[in-house]
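> Following is a predicted model, sequence given first.
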Amino acid sequence: MSAQIACIDVPVLLATGERDVCRPLTVELAGFVAATDLAGFVVPRMAHMHNFAETRSLLWERLDAFIAHVARAATRSAG
């Protein structure tokens, strides 16, 4: 999947739990070479079942902040 990941050319927020089933976040993020905005977030006290974690609101807040950031950047570049 490395070739497909390298072609993603939109903003990407990659979030994982503190204990998850993917490779370390920095390794995963390195593949997104064409992403126009790239962010990573490790949610504390969260495992792979994100919606069951007591800290899931941290993930939702980070997602909301990333969307707002991308929207502001798009507005600035369009104006």
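On my side now, so go ahead.
> same for the helix or strand containing residue 75, what does it pack against?
Using DSSP states H and E, the element containing residue 75 is helix 56-78. Judged by 3 or more C-beta pairs under 8 Å, 6 or more residues apart in numbering; DSSP states H and E, helix 56-78 is in contact with strand 12-17, strand 38-43. Every C-beta, even on glycine, is put in place using the N, C-alpha and C of the backbone.
> Any chance you could list what contacts the last one?
When contacts are defined by C-beta atoms under 8 Å, 6 or more residues apart in numbering, strand 38-43 is touched by residues 11-18, 25-26, 28-29, 32, 50, 53, 55-56, 58-59, 62, 66.
> how does it look with 10 Å?
Strand 38-43 is touched from outside by 8, 11-20, 24-26, 28-30, 32, 50, 53, 55-63, 65-66, 69-70, with contacts defined as C-beta atoms under 10 Å, 6 or more residues apart in numbering.
> So residue 26: helix, strand or coil?
Following DSSP: H, G, I helix; E, B strand; the rest coil, we place residue 26 in the helix state.
> so how far is residue 11 from it?
Distance, residue 26 to residue 11, using C-beta to C-beta, to the nearest Å: 18 Å.
> Quick one: end-to-end distance for stretch 17-30.
From its first residue to its last, stretch 17-30 covers 18 Å (C-alpha to C-alpha, to the nearest Å).
> Other residues contacting that stretch?
Applying C-beta under 10 Å, 6+ apart, the contact partners of stretch 17-30 are 2, 5-6, 12, 14-16, 31, 35, 38-50, 53, 55-56, 59.
> please redo it, this time with the cut-off set to 8 Å
Outside stretch 17-30, the residues touching it (C-beta under 8 Å, 6+ apart) are 14, 16, 38, 40, 42-48, 50, 53.
> Can you point out the buried residues in it?
Across stretch 17-30, burial judged by 16 or more other C-beta atoms under 10 Å covers 17, 20, 29.
> So the second one, which state does it fall into?
This means residue 20. What three-state DSSP gives for residue 20 is coil.
> What of the last one?
Three states are possible here, and by three-state DSSP the one that applies to residue 29 is helix.
> May I have stretch 55-63 as PDB, with CA atoms only?
The C-alpha trace of stretch 55-63 is given here as PDB (Å, rounded to 0.1, in the frame of the first residue of the first chain):
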ATOM      1  CA  THR A  55     -10.300   9.700  26.200                       C
ATOM      2  CA  ARG A  56     -12.200   9.500  22.900                       C
ATOM      3  CA  SER A  57     -13.300  13.100  23.300                       C
ATOM      4  CA  LEU A  58      -9.600  14.100  22.900                       C
ATOM      5  CA  LEU A  59      -9.600  12.400  19.500                       C
ATOM      6  CA  TRP A  60     -12.800  14.200  18.400                       C
ATOM      7  CA  GLU A  61     -11.500  17.600  19.600                       C
ATOM      8  CA  ARG A  62      -8.200  17.100  17.700                       C
ATOM      9  CA  LEU A  63     -10.200  16.100  14.600                       C
END
